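> Here you go, sequence then predicted model.
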Amino acid sequence: MASNLKSERTLLLVKPDGVKRGLIGEVILRMEQRGLKVIALKMVQPTVEHIEGFLPKSDKWLERMGNKTLGTYEQYKMDPIKELGTKDPLKIGKMIKKWLVGFWLSGPVVAMVISGIHAIDMVRKIVGNTIPAKAEMGTIRGDYSVDSPILANIGKRAIHNVIHASGDIEEATHETEHWFSPEEIHDYKRAEEDIMF
């Protein structure tokens, strides 16, 4: 059991905006500086089918996205009917999903599997809040992105937040299997592992 705790795995994706901005090396550097291992790495130009298989499909997820958007419009005292033509969370969620797919297809993605102690939580801490405007300075999103939901909604596009990191063990397992075959994932011992833990 202890060896499994030392080698938790998670998926990390440098999104098209991060790739286009030359942040691949910075992302890898921050993971390795933290003592995490990159055990799989590749650049991919996603297809519609691949992204559709990656994004959640449930109406519950779509409605949650729609309700978040409605909350953003309320916060900024903007009329969603005027901007989007509807107040229906499911319809808004479907719009957002189209924007997300378009964003993921806008350029290559760098996919990697990260391994280490508490890799899922550690990577999410390094990456920062999903909403860049709320991300702490010192995190990847806090240092390299300033986008916000209202700007994305007004522009009818996805939030440009540089990176994706799996949220929990189930998501990490599903996403890793979606982006990598078992043969593409490698393990090795970092020189300092015996000293670190």
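Structure received.
> Just read off the phi/psi values of Tyr76.
When quoted as degrees, to the nearest 10, the phi and psi of Tyr76 stand at phi -100, psi 10.
> please renumber so the chain begins at 58
That works, and once the first residue is 58, the last one we named lands at Tyr133.
> which intervals of the chain have sub-threshold pLDDT?
Residue ranges of the chain with pLDDT under 70: 58-62, 254.
> quick one: Ala229 from Gly212, how far?
Remark: distance between Ala229 and Gly212 (CB to CB, to the nearest Å) = 30 Å. C-beta coordinates here come from the backbone N, C-alpha and C atoms, glycine included.
> between the two, which one's more packed in?
A count of neighbours by other CB atoms under 10 Å puts Ala229 above the other of Ala229 and Gly212, at 22 against 12.
> Distance of the closest residue to Gly75 other than its chain neighbours relative to Gly142?
The shortest distance from Gly75 to any non-neighbouring residue, by CB to CB, 6 or more residues apart in numbering, is to Val219 (4.0 Å). Per CB to CB, Val219 is found 30 Å from Gly142.
> which of those two has more neighbours?
Per other CB under 10 Å, whichever of Val219 and Gly142 has more neighbours is Val219, with 26 against 11.
> and the more buried one, what is it in contact with?
By CB atoms under 8 Å, 6 or more residues apart in numbering, the residues touching Val219 are 71-72, 74-75, 78, 80, 189, 197-198, 201-202.
> repeat that with 6 Å
Val219 sits next to 74-75, 198, 201-202 when contact means CB atoms under 6 Å, 6 or more residues apart in numbering.
> Just put those residues in a markdown table and tack on distance to Ile252.
Shown next, in a markdown table, are these (distance: CB to CB, whole Å):
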| residue | distance to Ile252 |
| --- | --- |
| Asp74 | 37 |
| Gly75 | 31 |
| Arg198 | 30 |
| Tyr201 | 31 |
| Ser202 | 34 |
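> and which of these is nearest to Glu120?
Arg198 (25.2 Å; CB to CB).
> I'd like to know how far the closest one sits from Glu250.
Using CB to CB, one obtains 28 Å as the distance from Arg198 to Glu250.
> Over to Arg78?
According to CB to CB, Arg78 and Glu250 sit 32 Å apart.
> what's the answer for Glu106, then?
Here Glu106 is placed at a distance of 38 Å from Glu250 (CB to CB).
> what about the two, which has more around it?
The neighbour count for Glu106 versus Glu250, taken as other CB under 10 Å, is higher for Glu250 (15 against 8).
> quick one: contacts for that one?
With CB under 6 Å, 6+ apart, Glu250 has no contacts at all.
> No further queries at this time; thank you.
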